[in-house]
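J.: with the input below, show me the fold.
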Amino acid sequence: MRKILDTLFHNKKLSIGIPILIATVLYLLFIVFGMAEDKINLMITTPIVSIVVFFGVFALVLVQIKNTLCPAWFLNLFEFLLVVFAVVQTISFVMSGFQNFTPMLCLGPVIFSAVSWAHSKRVNK
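T.: Got it, this is the predicted structure:
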């Protein structure tokens, strides 16, 4: 599983930048095409929640990387499950036709990016 993660996050700049770009595009698609009762509220809270989650997930994964008692298999599984969650969230939003928007949907790519950044801090563990 570590080899899959290393391959997935091989290019640090792309694996951090592209998910952030995808989250921004999803957000803009919602602004343009989305229909929600509280659209203004969602437009305000989504960037704030995304920034908080980005740094929160980064800190969480980084603490586990620095934790000497954390086994490598657990860290690999934890990172992999976060990446799978990120991909599933993004696909579900696109399949809904950009209509079922919540701030959680931008979190998929944001979490992917945060895990990528934390993974780049990892030494062979």
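J.: put the alpha carbons of the helix or strand of the chain with the lowest mean pLDDT into PDB.
T.: Least confident helix or strand, the chain: helix 2-8 with a mean of 79, by mean pLDDT, DSSP states H and E. The C-alpha coordinates for helix 2-8 follow below in PDB (Å, rounded to 0.1, in the frame of the first residue of the first chain):
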ATOM      1  CA  ARG A   2       2.900   2.300   0.600                       C
ATOM      2  CA  LYS A   3       4.100   1.900  -3.000                       C
ATOM      3  CA  ILE A   4       0.600   3.000  -4.200                       C
ATOM      4  CA  LEU A   5       0.700   6.100  -1.900                       C
ATOM      5  CA  ASP A   6       4.200   6.900  -3.000                       C
ATOM      6  CA  THR A   7       3.200   6.600  -6.700                       C
ATOM      7  CA  LEU A   8       0.000   8.600  -6.100                       C
END
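J.: after it, which helix or strand is next?
T.: Remark: after helix 2-8, the chain's next helix or strand is helix 12-33, criterion DSSP states H and E.
J.: show me what the helix or strand just after that next one is packed up against.
T.: Sequence-wise, the next helix or strand downstream of helix 12-33 (DSSP H and E) is helix 39-66. The helices and strands touching helix 39-66, judged by 3 or more Cβ pairs under 8 Å, 6 or more residues apart in numbering; DSSP states H and E, are helix 12-33, helix 72-95, helix 103-120. Placement of C-beta: from N, CA and C, glycine included.
J.: would you mind measuring from Val115 to Leu60?
T.: From Val115 across to Leu60, the span is 10 Å (Cβ to Cβ, to the nearest Å).
J.: more neighbours: which of those two?
T.: When neighbours are counted by other Cβ atoms under 10 Å, Val115 comes out ahead of the other of Val115 and Leu60, with 28 against 15.
J.: related to what we said a few turns ago, distance from the least confident helix or strand of the chain to the middle of the chain?
T.: Distance, stretch centre to chain centre, for helix 2-8: 16 Å (Cα atoms, centre = their mean, to the nearest Å).
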